[in-house]
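Visitor: My questions are about this predicted structure, shown below with the sequence.
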Amino acid sequence: MDQPTASTRLAQEQSKHLQKSLGRMDILLLVVAAVISVEVLGQVSGFGGETFTWTLILAITFLIPYGLIFAETGGAFTEEGGVYVWTKMAFGRVVAAIASLLTWVTQPVWVGGAMAFVAVETWSEYVGHVEAGSAGDYIFKIVFIWITVTSAIISLKHGKWLPSLGAILKVLFLTFFIVVTLVYGIQHGFNGLDLGFFSPTLAGFLGVTPLLLFSFLGFESGNSAAGEMKNPAKDVPISIARSSIIAAASYLLPILAILLVVPLDQITGIGGLFGAVATVYAVFGPAAEAMLAISAVIFCFVLVSQGAAWMIISDRMQAMAAADGSFFGGYFGRFHPTLGTPIRVNTLSGVVATLFMLAAMQVSGTSSALFGIVLSIAISTFLLSYLLAIPAAVRLRSKYPHVARPFKVPVSDAGFRVLGAICFVWILLGSWVAIFPGTLDVLFGLDYDFETTWGVSQFTFEAFALGTLGCILALGFVGYARGRKVRSAVPDDNDEPNDPTPVPTHADTRSTP
């Protein structure tokens with residue numbers, strides 16, 4: 001039996017507080033700021049030359065079909081809440097609540113448990129020393145977290161400038177790094193690379209796939225703020241296309257640059273990118289140290305802007321889920337009437353990020369090992385959400401064929417399902433490897449030393465990973481149960497429990513052929 005999917009009274013009331021302040025360029029910059037994860041470049045490059053090969057393969061076999069699916073879906077269904085709304089329309093509130101929670105919680109976990117650590121280590125190495133575990137270390141990370149939260153709390157017309165500037169600086173930083181790498185290579189030579197160096201292996205495939213999927217996901221995330229876009233139907237598909245191209249280049253070229261100048265055994269999750277930067281900045285001679293310090297400051301700002309972008313995006317989706325009765329009785333489903341932002345969810349994100357940072361500080365092992373563990377947890381929660389979101393997007397194509405689609409993938413419904421199946425298989429594989437690393441390697445007879453790979457025992461890793469997932473699911477069940485009263489408050493004029501068909505938002509209700 002289908003579940004009721006009509007919007008609640010609270011959701012409709014809170015939608016009135018949304019302020020349309022995102023144009024096409026704003027959407028593009030917001031997505032670029034969020035999705036392109038410069039902090040994982042070192043981690044993925046640690047797999048050697050085949051990283052470049054697998055990145056290229058996934059860009060073709062995953063990024064393209066995934067981008068097409070959500071360009072169509074994002075342009076057709078433009079309600080505030082994005083993935084939550086789509087999943088609810090396809091499968092009902094329960095499934096949507098899980099998808100939303102997994103997507104949302106990834107961001108504070110990632111910001112507090114990984115990005116803050118990368119930022120402080122980069123700052124300590126190249127700007128000013130910060131003793132690990134000291135009061136200064138804690139203060140730096142807490143300030144980092146709450147800057148991202150504050151940018152999400154202030155009105156979007158002002159808050160969008162932090163991620164927008166960060167996106168511009170991110171692209172400029174990577175471009176500058178690539179140019180300097182070419183200069184360095186001309187002067188000093190590159191690592192000896194041949195075609196054999198780029199040959200893919202099964203071990204490399206299993207190791208790098210979750211990282212690359214994590215790096216390529218999120219282009220539809222801007223739809224979480226679709227109710228605040230000026231023209232989402234036209235701007236979303238174009239923004240997804242452009243940001244996908246920028247992302248592919250922003251991963252392929254820097255990864256190749258890192259491999260060209262940094263010895264493989266010196267690439268780490270935290271220091272890989274800046275190890276390469278430090279090497280190529282030798283071209284600046286005596287000014288190299290100052291250039292490194294400037295680049296480190298820019299890099300830390302980029303990380304803050306990336307965290308801010310995700311807070312802005314994911315918090316809105318979770319707030320709409322709460323307003324719809326899927327998360328703790330509506331308390332978190334309120335938008336500030338003047339700012340138009342979900343302050344309560346923003347604050348909750350900051351608290352979760354801070355708590356996860358404190359928990360991560362207690363995990364034994366090196367900083368590089370800790371980064372890898374938290375990265376894997378963030379990957380697992382994020383990828384698991386797409387095991388629901390992708391089938392939802394596919395189902396919307398056939399369930400609501402008459403909704404206007406400014407962009408429509410030129411394939412039949414069966415072809416659209418094939419695209420979805422390809423993406424789903426990739427996500428399923430990546431999810432398993434992220435949660436249970438090494439199991440498929442052993443299954444296929446490959447050598448896998450868990451402690452050498454991760455820097456901690458398998459028991460410690462799985463306890464942290466599965467414990468985190470268990471807490472998230474418990475939070476989701478409790479939150480959904482507490483939302484019952486909100487779900488029962490459905491306006492009379494929208495109280496049709498099994499007819500969630502959205503009203504087309506465009507004058508022309510015909511699908512684009």
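Guide: Received, thanks.
Visitor: Which other helices and strands does the strand or helix carrying residue 177 contact?
Guide: Residue 177 is part of helix 161-188 when elements are defined by DSSP states H and E. Contacts defined by 3 or more Cβ pairs under 8 Å, 6 or more residues apart in numbering; DSSP states H and E place helix 161-188 against helix 24-35, helix 232-261, helix 272-280, helix 288-323. Every residue, glycine included, has its C-beta placed from N, CA and C.
Visitor: Any idea which of those helices gets closest to residue 405?
Guide: Among the helices and strands packed on helix 161-188, helix 232-261 comes nearest to residue 405, with 8.8 Å by Cβ to Cβ.
Visitor: Can you check what angle separates the closest one from helix 161-188?
Guide: Angle, helix 232-261 to helix 161-188, by axes from the mean of the first three to the mean of the last three Cα atoms, to 10 degrees: 30 degrees.
Visitor: So for residue 72, which of the helices and strands packed on helix 161-188 sits nearest?
Guide: Nearest to residue 72, of the helices and strands packed on helix 161-188 and by Cβ to Cβ, is helix 232-261 at 7.2 Å.
Visitor: Can I get the helix or strand where residue 125 lies as CSV, trimmed to CA atoms?
Guide: Take DSSP H and E as the rule and residue 125 turns out to sit in helix 116-126. Below are the C-alpha coordinates for helix 116-126, written out as CSV (Å, rounded to 0.1, in the frame of the first residue of the first chain):
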residue,chain,number,x,y,z
ALA,A,116,38.6,20.3,10.1
PHE,A,117,41.6,17.9,10.5
VAL,A,118,42.9,18.5,7.0
ALA,A,119,42.6,22.3,7.6
VAL,A,120,44.5,22.3,10.9
GLU,A,121,47.2,20.0,9.7
THR,A,122,47.7,22.1,6.5
TRP,A,123,47.8,25.3,8.6
SER,A,124,50.2,23.8,11.1
GLU,A,125,52.6,22.6,8.4
TYR,A,126,52.8,25.7,6.2
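Visitor: Just the buried positions in whatever helix or strand comes next after it, please.
Guide: Once the chain leaves helix 116-126, the next helix or strand it forms, by DSSP H and E, is helix 135-153. For helix 135-153, the neighbour count (16 or more other Cβ atoms under 10 Å) marks 137-138, 140-142, 144-145, 147-149, 151-153 as buried.
Visitor: Mind pulling up the pLDDT for residue 237?
Guide: On pLDDT, residue 237 comes in at 94.
Visitor: I'd like to know how far it sits from residue 69.
Guide: Using Cβ to Cβ, to the nearest Å, residue 237 is found at 11 Å from residue 69.
Visitor: And residue 466, by the same measure?
Guide: For residue 466 relative to residue 69 (Cβ to Cβ), the value is 30 Å.
Visitor: And those two? Which one has more around it.
Guide: Neighbours of residue 466 and residue 69, each counted by other Cβ atoms under 10 Å, are more numerous for residue 69; the result is 24 against 14.
Visitor: any idea which element the more buried one lies in?
Guide: When elements are defined using DSSP H and E, residue 69 is found to belong to helix 64-76.
Visitor: what angle sits between that helix and helix 24-35?
Guide: 130 degrees.
Visitor: Hey, what's the angle from the helix or strand following helix 64-76 to helix 64-76? Just curious.
Guide: Next along the chain after helix 64-76, taking DSSP H and E as the criterion, comes helix 83-91. Here the directions of helix 83-91 and helix 64-76 differ by 90 degrees (the same axes, to 10 degrees).
Visitor: Show me which positions of the helix or strand where residue 422 lies end up buried.
Guide: Using DSSP H and E, residue 422 sits within helix 413-435. Residues 416-417, 419-420, 422-424, 426-427, 429-435 are the ones in helix 413-435 that count as buried (16+ other Cβ under 10 Å).
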